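J.: Sequence and predicted structure below; questions after.
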Amino acid sequence: MPPEPRMEAKGSVSGRCQFCNAQLSLLKPNGRNERDTDEPNGIIESLFTVFDRECHLSDVNPPSTSGSSGSGAKKDVEVGSDDDSFVLLDSPREASSSHASWSVDDVAVMNKVLDVCSRVTGIQQPLCADCSNDLYRELEQGIEEMRLSKEAYEELYKKLSQRVDGVDDDDDGEEEKLAHELVAWEQTCRDAEKELDIVHRDIGRATVAREQLDSIENRYWLAFNTLMLNLHDAADLRDVLQSQMEASETAIEKLRHTHVLSELFKIGVDGPFGTISGLRLGSTPETPVQWWEINSAWGQAVMLLDIISNSLRLKFNRGQIVWEPHGSFPRVLERGRGYSDLYGPVNKILCLGYDRAQTIFVDCLGEVSHVLSERGVCREGMPFALKYPIDGDRIGGNSIRYGLARDKAWTKALKYMLYNLQSCLKGTLDYMDSCAINVSGLAREQTYSS
């Protein structure tokens, strides 16, 4: 909707261009009405007078009475009461003589005219002269482009018409040829459809075969994986059994070189004392030992000596001496003389039976050593011999008699006696091993011969 023109002083109406927003002044011609003019556009064209776009009211000089010079007369500008309204006149006299004042009805009619022009043309009214000229040139250019397009379409239409006319002459022959080609293509299509049906059936059979193969493959891989799992389990079981066998062989080999007697009667040293099964044998003033421990140690020594003699099938002194180990109360029987106790407590004065039993024990060790040497037992490549030699009641130069020797010498003699007992035990075990080897070899020979 275009802005309504406003009434200004001296019968002028002002407005603005809808394109460039330039101010316009409308003057009503004198002596004629816009409604009864003979020219259709004359009333519109006579109503608009425009300033230049760069012209401002501040640049306009006030009205003056300057005369004309040259061929043209200068134009005067009359400014109204409002700051933004103006009327451009040819001259004061021309303005008063050639233009009449606008009424309210004239303004309403002008609004209607501008509204109708805007709706019909699709361009907002009013327009200044420059914008009208620009719009006119654009419309002219568009008309020229449409004219050229029309000519190009007409030329193309002519060419197409000529081509269609030339094709119509050969329609009959081409139609028959196309009919034959169509029949041939239809036959080709039918043959192709038959082949396609055959291919579809082959694909169906191949799909079924593939599904069967997939099922067989799945069963194969399932069986294969099960077999591999079983194989791994068997390998693990084999490794476990192999480890157990190796451990068992190691234990057996260790047991072959291990004797129960060596483990049962462990002979060692604890300071100045010799020990058997952890029991000290002997006593010193600095470290006195209770008699129950000494008695227990002698009981272990007598038991070991009795086991050695039984293993060697040895009768001491041709059967005249018999040892009776009774735990912590061992004693020895001499045929014709009776028993001698090898346990205390005893004192230095009343110890004849105790010393007699100790001396007999040392003599029995010497007899075991002599038997082992006669039976060919060797120690480190040499015939068997005791580490500490025995001479009567002395071992390694120390008397084993409790009443005659000092405690330290007696304790040392007892320690040497345990060392000799350990040597006799090892010699006896070696002898037993050699006898077992000979017996097993003899058994194998008898088996082979039979």
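T.: Everything's here; your move.
J.: Now do the helices in this protein.
T.: 42-47, 92-98, 104-121, 129-168, 171-256, 260-264, 291-312, 352-374, 407-449 (DSSP state H).
J.: Which of those sits closest to F273?
T.: Closest approach to F273 among those is made by helix 407-449 (6.2 Å; CB to CB). Using the backbone N, CA and C atoms, a C-beta is placed for each residue, glycine as well.
J.: where does the stretch 101-250 of the chain have low pLDDT?
T.: 101-102, 164-173 (pLDDT under 70).
J.: on that earlier part again, output the helices of the chain as JSON lines; include the columns distance to M382.
T.: Below are the helices of the chain laid out as JSON lines (distance: least, CB to CB, whole Å):
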{"stretch": "helix 42-47", "distance to M382": "156"}
{"stretch": "helix 92-98", "distance to M382": "166"}
{"stretch": "helix 104-121", "distance to M382": "145"}
{"stretch": "helix 129-168", "distance to M382": "136"}
{"stretch": "helix 171-256", "distance to M382": "25"}
{"stretch": "helix 260-264", "distance to M382": "21"}
{"stretch": "helix 291-312", "distance to M382": "20"}
{"stretch": "helix 352-374", "distance to M382": "10"}
{"stretch": "helix 407-449", "distance to M382": "12"}
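J.: As TSV, these with mean neighbour count and distance to G397 would be great.
T.: Shown next, in TSV, are the helices of the chain (neighbours: other CB atoms under 10 Å; distance: least, CB to CB, whole Å):
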stretch	mean neighbour count	distance to G397
helix 42-47	17	163
helix 92-98	13	171
helix 104-121	14	153
helix 129-168	11	148
helix 171-256	10	39
helix 260-264	12	28
helix 291-312	20	21
helix 352-374	19	13
helix 407-449	17	9
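J.: Quick one: closest of those helices to P330.
T.: helix 291-312 (3.9 Å).
J.: same for that closest one, what does it pack against?
T.: strand 273-276, strand 279-281, strand 321-324, helix 352-374, helix 407-449 (3 or more CB pairs under 8 Å, 6 or more residues apart in numbering; DSSP states H and E).
J.: can you pull the contacts of the residue nearest to R401 when sequence neighbours are not counted?
T.: Closest residue to R401 apart from its sequence neighbours, by CB to CB, 6 or more residues apart in numbering: D355 at 4.4 Å. Neighbouring residues of D355 by CB atoms under 8 Å, 6 or more residues apart in numbering: D393, I400, R401, Y402, G403, L404.
J.: Least reliable of the helices and strands packed on helix 291-312 by average pLDDT, please.
T.: Ranked by mean pLDDT, the helices and strands packed on helix 291-312 bottom out at helix 407-449, with a mean of 75.
J.: For burial, what's the neighbour tally of the closest residue in space to C351 that isn't next to it in sequence?
T.: Leaving aside its chain neighbours, C351 sits nearest to G403 (4.5 Å; criterion: CB to CB, 6+ apart). Applying other CB atoms under 10 Å, we find 15 residues neighbouring G403.
J.: So G403 versus T359, what's the distance?
T.: 11 Å (CB to CB, to the nearest Å).
J.: And for P389?
T.: 15 Å.
J.: can you check T207 too?
T.: T207 sits 108 Å away from T359, going by CB to CB.
J.: for V368, same thing?
T.: Counting by CB to CB - V368 and T359 are separated by 15 Å.
J.: likewise R394?
T.: 10 Å.
J.: again with V199
T.: Separation of V199 from T359 (CB to CB): 118 Å.
J.: So what does G392 have for phi and psi?
T.: Note on G392: its backbone torsions stand at phi 70, psi -120 [degrees, to the nearest 10].
J.: Leaving out sequence neighbours, find the closest residue to it.
T.: G392 sits nearest to T359 (CB to CB, 6+ apart), 7.8 Å away.
J.: quick one: contacts for Y388?
T.: So Y388 contacts I395, G396, Y416, M417, Y419, N420 (CB under 8 Å, 6+ apart).
J.: actually L365, not the one I wrote
T.: L305, L386, I390, M417, N420, L421, C424.
J.: and with 7 Å instead?
T.: Counting by CB atoms under 7 Å, 6 or more residues apart in numbering, L365 touches I390, M417, N420, L421, C424.
J.: What's the local residue count around the first one?
T.: What it means is I390. 19.
J.: circling back: the residue nearest to C351 is in contact with L350, isn't it?
T.: No: at 8.5 Å, G403 does not count as touching L350 under the criterion of CB atoms under 7 Å.
J.: backbone phi and psi for R313, please?
T.: phi 50, psi 50.
J.: Tell me how far it lies from L425.
T.: 16 Å.
J.: and what of L386?
T.: Distance from L386 to L425, by CB to CB: 12 Å.
J.: can you check M146 too?
T.: Counting by CB to CB - M146 and L425 are separated by 137 Å.
J.: got it, and R219?
T.: Applying CB to CB to R219 and L425 gives a distance of 70 Å.
J.: Likewise for L333?
T.: 23 Å.
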